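Enquirer: fold the following for me, if possible:
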Amino acid sequence: MPTVKGSASRIVVPLMVVFAGGLVAAYLIGTRPEAHPNPPTEKVRPVNVVRARFESVQPTLLVYGEIVAGREAEIRSMVAGRLVYLDPAYRNGAYVDAGSRLVAIDAFEYELAVKEQLADLNGARARLQELSSELSVQRRLVVLFDEQIELRQRDGDRIANLVDTGQMAEKAFDDAKIALNAARQQRLQGEQTVKVLMARIDQQRAAVERRQAELDRAERALVDTDIIAPFSGFLQDIVVATGKRVAVGESIGRLIDARGLEVRFELANADYSRLVGATHARLDSTSHPLAATEIQVSWRLGATVYRYSGVIERTGAEIDSASGGIVLYAPITSGPTGILRPGAFVEVSVPDVAYDGVIVLPSTALSDDGVIYVVEDSRLVARKVVVVREFGDKIYITSDIRPMTEIVTEQFPDIGPGIRVRPM
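Expert: Numbering: from 1, shown residues only. Modelled structure (predicted):
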């Protein structure tokens, strides 16, 4: 059975341990070092800046276009027949000079037609000459009839005087009157013959003109048996060979003008409106405000870039309803056109509107509410600006900022006036 002394010791010893622990804890708390907080320091933000410079700039619009033929001719046979000759260069992609004989059609039938029409014309001319000779003779006969009438008239007057004096019988006077009437009748017949011959001559002249027209048509058909290149260019869509028979109007190829290449490109409605508005010129069907504007064209062929110059000449006849863009055409004026072909995809650089007295900044320098930040005494100051143009990742602004003022180029989330910064 445990004693009372043993039970008391089991209670007192833990209490003494707790009490001693309390004394140690109190001592440690009382002797701990006291912490003093450091005074708060202002955060300095590093920022990228540019210095304000007022300048005159003219950006360049970069659009894409296509090389097209400013002029092309459909090569068609104007007469029917068998092809007997093709120029050795008459192949797709080949270059031919103006005046080159490209194709020849068998001319045998057309040569015969010319000879026949020429013979008919000569016959008609001979008949006309014959009628003219008859008319000349008949007119001379009419003059002789007039002289004979005059003689008959004088003879009748003499006989009448002799009858009055009783020296001739009345029958002689009657015979003289009959002879005078016969002469007058012959003259009337002569006049009628002259009129008939004149009408026949007019008809024959018309016949000669018809024969001449038929001869001209036959000669034209003979000339059309040779197809000549109307201008220098490249051949395309060649579908014939020697010996093939072609019909009238059948297409046998196309000729693309080598010296009349143009670039066809499209400007967005906003760009076109801005450029036209800057010219202050009248827009009508006969003139265009952008006419004579010089452009630059680049054709990338692998790693090589060929550069060309052009001049805007006209707009397209229609506006694309899907895009609303304006199509422009600019003839190529310089550059290595010998290798350029229609269908080439090219880059077109068009000079935009010129801006004077603007500051060019990255678009990241502008906040959504049209504010930029400048650095004054190492702190940010907000400035309202007027954006005159956004161009790619650049903006053109006008402001009362002093030249060489440092402008922050990239805004950060908590940017605001008064923040201390360090320009980079």
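Enquirer: OK, contacts around the nearest residue to residue 87 once chain neighbours are set aside?
Expert: Spatial nearest neighbour of residue 87, chain neighbours left out: residue 102 (5.0 Å); criterion: CB to CB, 6 or more residues apart in numbering. Backbone N, C-alpha and C define where each C-beta goes, glycine included. Residue 102 is in contact with 75, 86-87, 90, 96, 227-229, 253, counting by CB atoms under 8 Å, 6 or more residues apart in numbering.
Enquirer: residue 102 should be in a strand, yeah?
Expert: Yes - assessed with DSSP: H, G, I helix; E, B strand; the rest coil, residue 102 lies in a strand.
Enquirer: can you tell me the element residue 243 falls in?
Expert: Secondary structure assignment for residue 243, by DSSP states H and E: no helix or strand.
Enquirer: roughly how far does it sit from residue 193?
Expert: Distance, residue 243 to residue 193, using CB to CB, to the nearest Å: 60 Å.
Enquirer: of the two, who's got more company?
Expert: residue 193 (17 against 9; other CB atoms under 10 Å).
Enquirer: show me just the buried residues among the contacts of residue 102.
Expert: Neighbour counting with 16 or more other CB atoms under 10 Å marks 75, 86-87, 90, 96, 227, 229, 253 as buried within the contacts of residue 102.
Enquirer: return the closest of those with respect to residue 375.
Expert: Using CB to CB, the shortest approach to residue 375 within the buried ones among the contacts of residue 102 belongs to residue 96, at 68.6 Å.
Enquirer: strands of the stretch 301-424 of the chain, start to end?
Expert: 304-311, 314-315, 326-334, 345-351, 355-362, 371-376, 379-384, 386-391, 394-398, 406-408, 421-423 (DSSP state E, counting those that start in this stretch).
Enquirer: circling back to that earlier point, which two from the buried ones among the contacts of residue 102 end up farthest apart in space?
Expert: 86 and 229 (12.8 Å).
Enquirer: what's downstream of the helix or strand bottoming out on mean pLDDT in the chain, the next helix or strand?
Expert: Across the helices and strands of the chain, mean pLDDT, DSSP states H and E gives its lowest value to helix 4-31, namely a mean of 65. Per DSSP H and E, the first helix or strand lying C-terminal to helix 4-31 is strand 45-47.
Enquirer: which helices and strands sit right next to that following strand?
Expert: strand 421-423 (3 or more CB pairs under 8 Å, 6 or more residues apart in numbering; DSSP states H and E).
Enquirer: now the strand it packs on, how far from the centre of its chain.
Expert: Offset of strand 421-423 from its chain centre (CA atoms, centre = their mean, to the nearest Å): 55 Å.
Enquirer: follow-up on the earlier one: would you convert the buried ones among the contacts of residue 102 into a markdown table that also reports distance to residue 300, secondary structure and pLDDT?
Expert: Formatted as a markdown table, those follow (distance: CB to CB, whole Å; DSSP: H, G, I helix; E, B strand; the rest coil; pLDDT from 0 to 100):
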| residue | distance to residue 300 | secondary structure | pLDDT |
| --- | --- | --- | --- |
| 75 | 32 | strand | 92 |
| 86 | 36 | strand | 93 |
| 87 | 34 | coil | 92 |
| 90 | 32 | coil | 90 |
| 96 | 28 | strand | 91 |
| 227 | 37 | strand | 94 |
| 229 | 31 | coil | 93 |
| 253 | 30 | strand | 92 |
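Enquirer: would TSV of those residues with distance to residue 140 be doable?
Expert: Output for the buried ones among the contacts of residue 102, formatted as TSV (distance: CB to CB, whole Å):
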residue	distance to residue 140
75	60
86	63
87	62
90	64
96	63
227	55
229	59
253	64
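Enquirer: looking at those residues, which is nearest residue 115?
Expert: residue 227 (22.8 Å).
Enquirer: once you drop chain neighbours, what's closest to the closest one?
Expert: Of all residues not flanking residue 227 in the chain, residue 103 sits nearest, at 4.2 Å (CB to CB, 6+ apart).
Enquirer: how about the one you found: which residues does it bridge to?
Expert: According to DSSP bridges, the partner residues bridging residue 103 are residue 86, residue 227.
Enquirer: the longest helix along the chain: how far from the chain's middle?
Expert: Using DSSP state H, we find that the single longest helix of the chain is helix 108-164. How far helix 108-164 lies from its chain's middle: 66 Å, per CA atoms, centre = their mean.
Enquirer: still on that earlier bit, roughly how far does the residue nearest to residue 87 sit from residue 50?
Expert: 64 Å.
Enquirer: need the contact list for the one residue sitting closest to the centre of the chain.
Expert: With distances taken as CA atoms, centre = their mean, residue 329 lies nearest the centre of the chain, 4.1 Å away. By CB under 8 Å, 6+ apart, the contact set of residue 329 is 68, 70, 262-264, 312-316.
Enquirer: wait, residue 257 touches residue 96, no?
Expert: No - the criterion here is CB atoms under 8 Å, and residue 257 misses it with residue 96 at 11.3 Å.
Enquirer: tell me, what's touching the two both at once?
Expert: Residues touching both residue 257 and residue 96 by CB under 8 Å, 6+ apart: 232-233.
Enquirer: picking that back up, okay, the strands of the stretch 301-424 of the chain in JSON lines with mean pLDDT next?
Expert: Output for the strands of the stretch 301-424 of the chain, formatted as JSON lines (pLDDT from 0 to 100):
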{"stretch": "strand 304-311", "mean pLDDT": "94"}
{"stretch": "strand 314-315", "mean pLDDT": "86"}
{"stretch": "strand 326-334", "mean pLDDT": "91"}
{"stretch": "strand 345-351", "mean pLDDT": "94"}
{"stretch": "strand 355-362", "mean pLDDT": "92"}
{"stretch": "strand 371-376", "mean pLDDT": "92"}
{"stretch": "strand 379-384", "mean pLDDT": "91"}
{"stretch": "strand 386-391", "mean pLDDT": "89"}
{"stretch": "strand 394-398", "mean pLDDT": "91"}
{"stretch": "strand 406-408", "mean pLDDT": "92"}
{"stretch": "strand 421-423", "mean pLDDT": "88"}
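Enquirer: make a markdown table from those strands and add distance to residue 79 to it.
Expert: As requested, the strands of the stretch 301-424 of the chain are exported to a markdown table (distance: least, CB to CB, whole Å):
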| stretch | distance to residue 79 |
| --- | --- |
| strand 304-311 | 40 |
| strand 314-315 | 36 |
| strand 326-334 | 35 |
| strand 345-351 | 40 |
| strand 355-362 | 63 |
| strand 371-376 | 76 |
| strand 379-384 | 78 |
| strand 386-391 | 60 |
| strand 394-398 | 64 |
| strand 406-408 | 77 |
| strand 421-423 | 83 |
